[in-house]
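Participant: Starting from these lines, generate the structure:
(one chain, ligands or ions: 1)
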Amino acid sequence: MHRRLVMLSLAVSACAAFPIAARADAPYAFDTAPGKLPKTVVPIDYDISLRPDLSTLTFTGDESVRIRVRTATSTIVVNTHDMTVSRALLDGHPVAAIATDNDKQVTTFSTGAPVSPGEHRLAIAFAGKIGDQPAGLFYQKYRSADGQHTMLATQMESTDARRVFPSWDEPSFRATYRLSVTVPKAFDAVSNMPATAEQVAGETKTVTFARTPKMASYLVVLCAGEFGYLKGEADGVAVRVVAPKGREQNGQYALESAEKLLSYYDDYFGVKFPLPKLDLIAVPGGFPGAMENWGGITFTSDVLLFDPSIQPESAKNEIFQTIAHEMSHQWFGDLVTMAWWDGLWLNEGFADWMQTKATDHFNPSWHLWDRVNGDVERAMQTDGQNTTHPVQTPIADETQADSAFDEITYQKGGAFVRMMEEYLGEDTFRDGIRQYMRANAYGNTTSANLYAALSNASKQDVAAFATAWTTAPGFPLVTVDERCVDGKTAVVVKAQRFFYEANQTSEQQWRIPLSIGDALHASDAHTVLLSAASGTFDGGPCGDPVLVNAGAAGYFRVQYDSLTAATLTHDLARLAPADQVRILADTRAAVQSGAVAPSAALDEIAQLRGSQSLAVWDAALNTLRGIAQDERGQPGERAFDAYERAVLRPVFDRIGWAGDASDATTPALRRALLEALGSAGDTRIVADARARFERFQADPSSLPPDLRETVLGIVASYADEPTWMKLHALLGTSKSLDEAQVYARALWHARAPELASKNLAMATNGEIPPEAGPIAAIIDVAIVAQEGHQPGLAWSFYKANEPKLVEHLSDFERSFLVAKFLPAFWQGASRADLEAFAKSHTSAESVPQVTQAMHQIDLRVATAQRVVPSVDRWVAAHPSGATAQGS
Ligand SMILES: [Zn+2]
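Facilitator: Predicted structure coming up:
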């Protein structure tokens, strides 16, 4: 699954306090795999018929399951949720009793006499609900040129197949599935496999699909609606983009990308894509992200379809990466599946890494390996706090499975896979993955199975290397002391766990691959393994400083001795972008933890003023925007804004408003700088944006999609009421959801309190198109809090309207919502108020998330208190910086 993250720099978090002992996994075995269902009865083959009724938003269904009874038993337990089971026959005879426990999400069939071991057939009649949220079978309304439409889709991961059909809904119960569905005659239906029959009867039609290979229940998919298609082919596999009719032509980019990727993965994994077809299905709005259902991947439409009249060219980056992510799961996740949800990182860490690797392979001009640091840094922000959890987190109960979908599982998991590939070597690592695929195809695995294949390929003990990284929380801080001894640099390193919090210690150790190389020639670096708490390594002839994370593939932070750090800062402009980015991020973390003064970060940024690397400026802006936020409402706010303008304006002036198509990342850099300058109140930028908005109203084509949201956002930030009304009118006349979202997100930047109140009202007054999904209303509130500089107003609104705001969210979304959004309000409410409200409005399972969100807020407040006075002194001491530009 690819969970779309909201465009806010708020860290997500999961569970608290975990044991620290690193414990290796055992290889997969069905009988010892975690789970709740008894393993006495297993499904072999499901034959499922579903009859949805859109007028009542319910469905009825029948299934006939070939089962194997492994040891004699008189009870058969399956998962069901929000479902009525009306009848069950075992081998043609009614069972003695049917008992459904909706809290435990199971139905137990009592057979009376024990059932003998061997194969039997269980037939079940059932009925369930069609929801308005992506959990199980759900409906999605959308607009098109000829009016309102509805489509049906499913979202089963993690544990919602049981809402659609009675099932052994745990990943190790693999079985084959044969689906059929009865839908209105005007609908098409799409599932994991191609349709084998279609029968029209009156106003309905029944579509039957071919039998799937053996797979996990969470990968079943069924979509139905009025569809249009773009058809292609790759390596003998039929590839299609399936979209609401009329929008399929926007799938051309996705189709071409998927064709390239299928051939690439066929080669990389050494196993051909095992199904006869692959559909990429656009679900309009509402559905957050994408889901790797085998052979029928679902995507929220704007990460699949590309509309050049609305979306900036750079949207192709997210589309390509999302397709690359989901398609890699077709092998890593679908063909070979984690045994249980504690191994989710096997799926998601791998896919997170592979999406970058495959996307970079086809699009080197996007410089993704330099830019991936932003994602890694998000994981490190969470992972550097004492409340983090290991990549491999115990999941006692499948209802906790959703909590594993966080940045530790995805981005830390991905960063670890990258580090492992770098350490073992690209070819060796790929050979290990091929062995893993071959050995475990159509089966389940634990980390131990992966390490065994990689060990076999590399002749190294990969489990010994990997275990601390995946089963213990946090990551190391490597402190480096460089000395010239007899003409050679001795690199003395020490490693200990990094913490943002003061006075935290840990005895944890990792085996750390250090990439040691001359800072100015880092591509010549060599890798050594630090397997103790300290070590001394040869850094070559004395001269330039030596990096110990050269190339930035290591998931750890580095702090150099003060002399080396000063030299590195002085020479920073001459380093490779990936190293510059890593150094900026490590320094920012050191500022946040109190290890160094903010001047260290500002000094570094000053050295990089000549850079035109998007990755470098993303990292630098992360620091600058963070300080700007800390300064909100403080006496030094205006002076820091002026300083920020002075730093950024010359960088923007070099690339200007238009032109310079030489670098594919320039448009994104332009937007990032414009947003920062606009936010810092650069009068010329604001005036330019207003002039462009004027022209846009007369001639919409004058403002290209690349700049539209950015320019309108700047205009909205400083809007008066008449301007706000003009922007608001655009929203009302927009022709598609994608277009409406551009205007809405811009509009919500308005800072004037009366306009912020109007923006907040939109969250509940029905103005946000319902197909944007319930999360759009919460995003509205969060943007008003942060970009609109109105955290107090936004928090009051959130509190007053919470029931309505969360009403339509799925359990999955609610499970991370508080942790994700609470920190948005840290400057708008007292700590006590935030905590009391959050605790009284979340379920017992979400208490750890609330605790972690409060911890994050506390860290943020403490950092701001330390950083602000220091920054104020530094800005005052650098008046030239503060007077070069300004308003
Ligand atoms: Zn995924």
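
Participant: CA atoms for contacts and neighbours, from now on please.
Facilitator: Fine.

Participant: Enumerate every residue touching Lys260.
Facilitator: Taking CA atoms under 8 Å, 6 or more residues apart in numbering, we find Lys260 in contact with Ala234.

Participant: residue of the stretch 351-500 of the chain with the smallest distance to the ion?
Facilitator: Residue of the stretch 351-500 of the chain nearest the ion, by CA to the ion: Ala351 (5.8 Å).

Participant: does that residue sit in a helix, a strand or a coil?
Facilitator: helix (DSSP: H, G, I helix; E, B strand; the rest coil).

Participant: ditto for Val596
Facilitator: Assigned by three-state DSSP, the conformation of Val596 is coil.

Participant: can I assume it is in contact with Leu602?
Facilitator: No: at 11.5 Å, Val596 does not count as touching Leu602 under the criterion of CA atoms under 8 Å.

Participant: so where's this protein shaky on pLDDT?
Facilitator: 3-24, 286-287, 660, 812, 815-816, 818, 879-887 (pLDDT under 70).

Participant: tell me which residues in the biggest helix by length in it are buried?
Facilitator: Counting by DSSP state H, the longest helix found in the chain is helix 847-877. Neighbour-count burial for helix 847-877, with 16 or more other CA atoms under 10 Å as criterion, is recorded at 847-857, 859-861, 863-864, 866-869, 871-872, 874-876.

Participant: got a list of what Gly232 touches?
Facilitator: Per CA under 8 Å, 6+ apart, neighbours of Gly232: Ala238, Val239, Arg240, Leu255, Glu259.

Participant: Report the buried residues of stretch 492-512.
Facilitator: 492-500, 508-512.

Participant: so which of these comes closest to Glu233?
Facilitator: Distance to Glu233 across these (CA to CA) is lowest for Ile512, with 43.4 Å.

Participant: how many neighbours does Ala729 have?
Facilitator: Ala729 sits with 12 neighbouring residues when counted by other CA atoms under 10 Å.

Participant: What's the separation between it and Leu747?
Facilitator: Relative to Leu747, Ala729 is positioned 11 Å away (CA to CA, to the nearest Å).

Participant: how about the residues of the stretch 201-350 of the chain near the ion?
Facilitator: Glu348 (CA under 5 Å from the ion).

Participant: about what we covered before: run through the buried residues of stretch 492-512 and flag the ones next to the ion.
Facilitator: Among the buried residues of stretch 492-512, no residue is within reach of the ion (CA under 5 Å from the ion).

Participant: Who are the contact partners of whichever residue of the chain sits closest to the ion?
Facilitator: Proximity of the chain to the ion (CA to the ion) peaks at Met1, 3.3 Å away. Contact analysis of Met1 by CA under 8 Å, 6+ apart lists Glu157, Gly289, Ala290, Met291, Glu292, Glu326, Glu348.

Participant: quick one: which helix or strand includes the residue nearest to the fifth one when sequence neighbours are not counted?
Facilitator: Right, Glu292. Nearest non-adjacent residue to Glu292, counting by CA to CA, 6 or more residues apart in numbering: Glu326, 4.9 Å away. Here Glu326 sits within helix 315-329, counting by DSSP states H and E.

Participant: helices and strands around that helix, which ones?
Facilitator: helix 252-269, strand 290-291, helix 344-362 (3 or more CA pairs under 8 Å, 6 or more residues apart in numbering; DSSP states H and E).

Participant: Deepest in the core, which of these is it.
Facilitator: Greatest average neighbour count among those goes to strand 290-291 (a mean of 28), per mean count of other CA atoms under 10 Å.

Participant: contacts for that strand?
Facilitator: Met1, His2, Arg3, Arg4, Gln155, Ile297, Thr298, Phe299, Thr300, Thr322, Glu326.

Participant: With stretch 762-779 instead?
Facilitator: For stretch 762-779, contacts defined as CA under 8 Å, 6+ apart pick out 6, 140-142, 284-287, 737, 740-741, 744, 780-781, 801, 804-806, 808-809.

Participant: Please list only the buried members of the residues you listed.
Facilitator: 140-142, 284-287, 737, 740-741, 744, 780-781, 805-806, 808-809.

Participant: quick one, what contacts Ala601?
Facilitator: Ala601 neighbours (CA under 8 Å, 6+ apart): Leu584, Thr587, Arg588, Val591, Thr623.

Participant: mind listing what the closest residue to Gln508 other than its chain neighbours touches?
Facilitator: Counting by CA to CA, 6+ apart, the nearest residue to Gln508 once its immediate chain neighbours are dropped is Arg497, at 6.5 Å. Applying CA under 8 Å, 6+ apart to Arg497 gives the contacts Gly474, Phe475, Pro476, Leu477, Thr505, Ser506, Glu507, Gln508, Gln509.

Participant: from those, which single one is nearest Ile627?
Facilitator: Closest to Ile627, out of all of the contacts of Arg497 and judged by CA to CA, is Leu477, at 23.2 Å.

Participant: who's in contact with that closest one?
Facilitator: Contacts for Leu477 (CA under 8 Å, 6+ apart) come out as Ala495, Gln496, Arg497, Phe498, Phe556, Arg557, Val558, Gln559.

Participant: try it again with 10 Å
Facilitator: Going by CA atoms under 10 Å, 6 or more residues apart in numbering, Leu477 touches 384, 493-499, 555-559, 586.

Participant: Secondary structure for the residues you listed - can I get that in JSON lines?
Facilitator: Shown next, in JSON lines, are the contacts of Leu477 (three-state DSSP):
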{"residue": "Gly384", "secondary structure": "coil"}
{"residue": "Val493", "secondary structure": "strand"}
{"residue": "Lys494", "secondary structure": "strand"}
{"residue": "Ala495", "secondary structure": "strand"}
{"residue": "Gln496", "secondary structure": "strand"}
{"residue": "Arg497", "secondary structure": "strand"}
{"residue": "Phe498", "secondary structure": "coil"}
{"residue": "Phe499", "secondary structure": "coil"}
{"residue": "Tyr555", "secondary structure": "coil"}
{"residue": "Phe556", "secondary structure": "coil"}
{"residue": "Arg557", "secondary structure": "strand"}
{"residue": "Val558", "secondary structure": "strand"}
{"residue": "Gln559", "secondary structure": "strand"}
{"residue": "Asp586", "secondary structure": "helix"}
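
Participant: right, and the pair among these with maximum separation?
Facilitator: Farthest pair in these, by CA to CA: Gly384 and Val493, 19.7 Å.

Participant: Secondary structure element holding Lys104?
Facilitator: Following DSSP H and E, one finds Lys104 outside all helices and strands.

Participant: so it makes contact with His81?
Facilitator: Yes: with contacts counted by CA atoms under 10 Å, Lys104 reaches His81, the gap being 8.5 Å.

Participant: Which of these two has more residues huddled nearby?
Facilitator: Ranked by neighbour count (other CA under 10 Å), Lys104 and His81 place His81 first, with 24 against 12.

Participant: tell me the angle of the helix or strand Leu454 falls within relative to helix 344-362?
Facilitator: Leu454 is part of helix 447-458, with elements assigned from DSSP H and E. Orientation of helix 447-458 against helix 344-362 (axes from the mean of the first three to the mean of the last three CA atoms, to 10 degrees) gives an angle of 40 degrees.
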